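Asker: Requesting a structural model of the entry that follows:
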Amino acid sequence: MAPTRTRGLSQKVQVVTVPDRNRAVQRQTLSQAAHHDSRTWRHRLQSIHANWAPLVPTLVNAYLTWKSLQYGISPQPQCSTTAELSFSICIIDIFMVDTCATIPQGEDTISPVEALIFEGFLGNAPHNPSIAISLCTLEHYRLLRLCKPSFGVEAFTKVICNTYLMPYRCTYRTALADTFDLYLTILHEVERKVQTALNHDTPNWRVLNTCPPCSYELNDEPLLTFTCMYVMNGGNSAKRMSTIGDRQCGDTCIYTESDYLLSRAFVDRFANEVQSRSILDSPDNHHVIPEAKDDSVVSSVQVIAEDCSSNWKAAADDDKKKMWAIFDETGIFIAACRHGIMLWYADMIKSGKLAKYPLAIVAKILNVIGECTLGAYDIGCGFASTVRASSLGPAFMEKRSHLCVDAFHGYAHNYICQTQRHPLGIEGAGLEDFGVAERIFSASNALAPVIRYASPYRRHVFLDLFFKQWDEDKYSNLGTMLLNNYQQAQQMISTETIALKEAMSSLGIQEGDLVNWRSEEIQYFQTLGKEPEWDAHAVVYVELLQQMQELQSQASASFAHFVSSAPDDYQFSAPSQTDFYSGNLSQTWKLETQRRYAVERLALTQHDVISMELKLGITNRWSPSSAEYQATLTYMTLHKYHKALDNLQRLVVQQLFELQRLNVSQTAYKMQTHIAKLLQTRCQAIQNAVKKYNEAASELQPPWPPLEWSKVSHFNFLDEFNLLLRETMWQHLHIQQAKEEIIRCNVEVRRLQTAIVVEDEEFTRVLAALETMKEYSICRCHINNQLLSRIDQIHSLPSFSGDKSCGIRKGMSSDRVPSTTVALGKQSPNDDLEEDAFDEGDSVERDIGMLVEYLSDLALRP
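Answerer: Numbering: from 1, shown residues only. Modelled structure (predicted):
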């Protein structure tokens, strides 16, 4: 029986009469309405939730029955309705603009809300609803929220009030918010039924299957260097205000249905994780892990100078990571795969990016994803040491996991770090820039105004909605991403290879030379600024001997000057007498002071020499002719020479770059003037550096030829320092990374194609017996159509080198070979090119905005 609707835009809200077979309950309800309700808001919400809980399974079944009518599927037989039990209620339906409807109710209906759902409405209360909102309206609002996260309940309520030509009231907003929460609960239960029917309800199924290019490994595919590449970072836009004073939050519900959120208990297991000092001997890590009694990432005070991550906020002390007390959750720490699909996120509780948050992410990665993973973090160089010093260290190294820095933040690290941790220098990373986290935070900023003052429950609900929609968008964009990556890699190989061959021909080098020089460059920067291994005690001992010898000469000279100041006809005289000697007494005392000072310094040095000889067991003092003395002196001389050479090289290279910048046509006049003044100052510094270099070179055995200032001042071109050769090395590295990207894209395209085929077969098998889940399959099949069209475009590329057939997933029975054809209507490859171009333009514009904002923030920092 269809509901009878009364149309009228100016109709007032009517008193709703809901028949209740239990008259005692009705009288009790009326009596409670007659007096003031003394319950707190928390007690009211708890009572409402307790009344809704037992009705949810019935409402889910009623919703599925109503949904089956929408697709023309015969519903289950319903009991006959009774006219006496029918009731009228005020409704909200933006598609009908009606204000009242008569709802039929059966005798076996346990609640009026169940009868409302059968007719396409949802009431605002479990037993005596005063208003009903159509399911189409709620679904329309849900879709709006998914596409526009900042579109809150209050804004949508005002839209409805304007549609009905009614003034806005907070009561309407509360009714819509409560009804929408119940609607989301029903949808979540329906989704759970779908996942159960498809056998997708196993632990960690979402992480292991949502992104087929990352996780759908096939039996006969090429072996990749990294099975999964992911990025993690923290953002503070998802903050939530704490309660003020002694006020308590009314909504005490806890959202436990999300498989994105890492619980606080799990994250807190990694608090104060790094507590001991350890020295890591791995070849790609030379950091010293200091003692840490707090939960912060390694402090800049505790880290040696080569650790460039000490300049980042994420690597600061715990005292610098605290947030204002007005916030309870100060943001979220996320992890996502290279394709942008979310893995997990954790709430940052009243703090900044403490070490426990990325440690919790790494723990989940090791436990769920497994071996050979590459993670990117803005302080990945320093955080790798933290992981190895934690309880995750053995598993991290056993599973051959690695950490790096993302490309955006990587260029802010020193060059030593870039040679090892930048994605461009990591074999197997391809052309990945690991910029997904910044894009996620940029999109989630729209959610910030809605969740800033929300309860913890609704904050997690809205975050869960956002991440689900984000994953759906990224899944539907997988084909476009792989196509763009493939075309970018092919274009780079085709254009850069020609230029590389020309450069190699002009330089007279081979490809093997570039590979060897790259390894030598990494080795050079690893040892740059480090003292070679030598006996430090021997160096100090020789320096003391040299100092003692010099002081002995000074003491002898001082004593000789003092003695020579005495007159030749010296005679002792009383102090009262005036003669030549007493007239020069001031000069005599000055010479005596110099003599005494030289003797005291000599005595202190002799004491140090004797102490070292006793400690080192040296019975015979080294002399300049002894072998030990000569070996140590040779090292000290060479060390002095290298320091002078490094300083001269640094100054000259800086001058060359400034000269090049000075000759650039777009350099402004003020900048040219500033650079010219710097060059004048640096020329004097270079002259001094040349003098020190020549002094150090002359002390070598045999002496090296001196460097003339006239030759240094005429270094006008950067190619005199073989920068062209270095550019060729980077060009060769780009080509190798592009080839790696093509290999990975070939594997990921085949994985995606196989996953779509297998999923279509599962739909055919499961949905034949479960027709009520048809909506999910329809939406998914449309997305898969678009992905298959992109895969066809990739297969049609002239230089495609992958396998076009489907494979067999690892662990799957060999007799379950997926078919090569899919019963999906494929789109034309050019149907959505214009839309993709528009989306790409929006993405570029958003990225440019982020970069401008970041640079502006840098300019304001002290």
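
Asker: going on from the lowest-mean-pLDDT helix or strand in the chain, what's the next piece of helix or strand?
Answerer: Sorted by mean pLDDT, DSSP states H and E, the helices and strands of the chain end with strand 288-289, the least confident at a mean of 32. Downstream of strand 288-289, the first helix or strand assigned by DSSP states H and E is strand 327-337.

Asker: Run the chain-centre distance for the helix or strand following that next one.
Answerer: Later in the chain than strand 327-337, the nearest helix or strand by DSSP H and E is strand 342-349. Relative to the centre of its chain, strand 342-349 is centred 11 Å away, using C-alpha atoms, centre = their mean, to the nearest Å.

Asker: Could I get the buried residue list for strand 342-349?
Answerer: Using 16 or more other C-beta atoms under 10 Å as the test for burial, strand 342-349 gives 342, 343, 344, 345, 346, 347, 348, 349. C-betas here are computed from N, CA, C, even on glycine.

Asker: Spit out the contact partners of the first one.
Answerer: Translated: residue 342. By C-beta atoms under 8 Å, 6 or more residues apart in numbering, the contact set of residue 342 is 260, 334, 335, 336, 440, 467, 470, 471.

Asker: again, 6 Å this time
Answerer: Neighbouring residues of residue 342 by C-beta atoms under 6 Å, 6 or more residues apart in numbering: 260, 336, 467, 471.

Asker: So which of those residues sit within strands?
Answerer: Using DSSP state E, the subset of the contacts of residue 342 located in strands is residue 336.

Asker: top of the contacts of residue 342 by neighbour count?
Answerer: residue 336 (25 neighbours; other C-beta atoms under 10 Å).

Asker: Per-residue pLDDT of that residue, please?
Answerer: pLDDT recorded at residue 336 is 95.

Asker: Could you do residue 650 as well?
Answerer: According to the predicted model, the pLDDT of residue 650 comes to 69.

Asker: ok, now the one 4 residues further on?
Answerer: At residue 654 the predicted local distance difference test score is 62.

Asker: again, but for residue 279
Answerer: Residue 279 is given a pLDDT of 38.

Asker: hang on, the earlier thing: for residue 364, state which of the buried residues of strand 342-349 is nearest.
Answerer: Using C-beta to C-beta, residue 344 is the member of the buried residues of strand 342-349 that lies nearest residue 364, at 5.7 Å.

Asker: Report the beta-bridge partners for that closest one.
Answerer: residue 335 (DSSP bridges).

Asker: how much space between residue 112 and residue 547?
Answerer: Applying C-beta to C-beta, to the nearest Å, the value for residue 112 to residue 547 is 99 Å.

Asker: Those two - which one has more neighbours?
Answerer: In this view residue 112 and residue 547 are compared by other C-beta under 10 Å, and residue 112 has more residues nearby, 24 against 16.

Asker: just to revisit the earlier point, now distance to residue 631 too, for the contacts of residue 342, in JSON lines please.
Answerer: Formatted as JSON lines, the contacts of residue 342 follow (distance: C-beta to C-beta, whole Å):
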{"residue": "260", "distance to residue 631": "63"}
{"residue": "336", "distance to residue 631": "56"}
{"residue": "467", "distance to residue 631": "65"}
{"residue": "471", "distance to residue 631": "65"}
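
Asker: which one of the contacts of residue 342 sits closest to residue 738?
Answerer: residue 336 (23.5 Å).

Asker: correct me, but that closest one touches residue 435?
Answerer: No - here residue 336 does not reach residue 435: they are 10.6 Å apart, not a contact under C-beta atoms under 6 Å.

Asker: Sketch out the low-pLDDT regions of the stretch 501-650 of the chain for me.
Answerer: 527-535, 568-585, 650 (pLDDT under 70).

Asker: What are the boundaries of the helices in it?
Answerer: 511-527, 536-564, 580-583, 585-616, 627-662 (DSSP state H, counting those that start in this stretch).

Asker: The stretch 101-250 of the chain now?
Answerer: Counting by DSSP H, counting those that start in this stretch, the helices of the stretch 101-250 of the chain are 112-118, 135-147, 153-163, 170-197, 205-209, 212-215.

Asker: now do the stretch 701-850 of the chain
Answerer: 709-712, 723-766, 774-795, 833-860.

Asker: returning to what we had before: looking at the helices of the stretch 501-650 of the chain, spot the one closest to residue 734.
Answerer: helix 511-527 (11.7 Å).

Asker: And that closest one, what's buried?
Answerer: 513, 514, 517, 518, 525, 526.

Asker: Which strands or helices does it pack on?
Answerer: If contacts are counted by 3 or more C-beta pairs under 6 Å, 6 or more residues apart in numbering; DSSP states H and E, helix 511-527 sits against helix 415-421, helix 723-766.

Asker: ok now that helix, how far from the chain's centre?
Answerer: Distance, centroid of helix 511-527 to centroid of chain: 29 Å (C-alpha atoms, centre = their mean).

Asker: One more: stretch 481-491?
Answerer: Per C-alpha atoms, centre = their mean, the centroid offset for stretch 481-491 relative to its chain is 24 Å.

Asker: Let the chain start at 221 from now.
Answerer: Renumbered: residue one is now 221, and that last one reads stretch 701-711.
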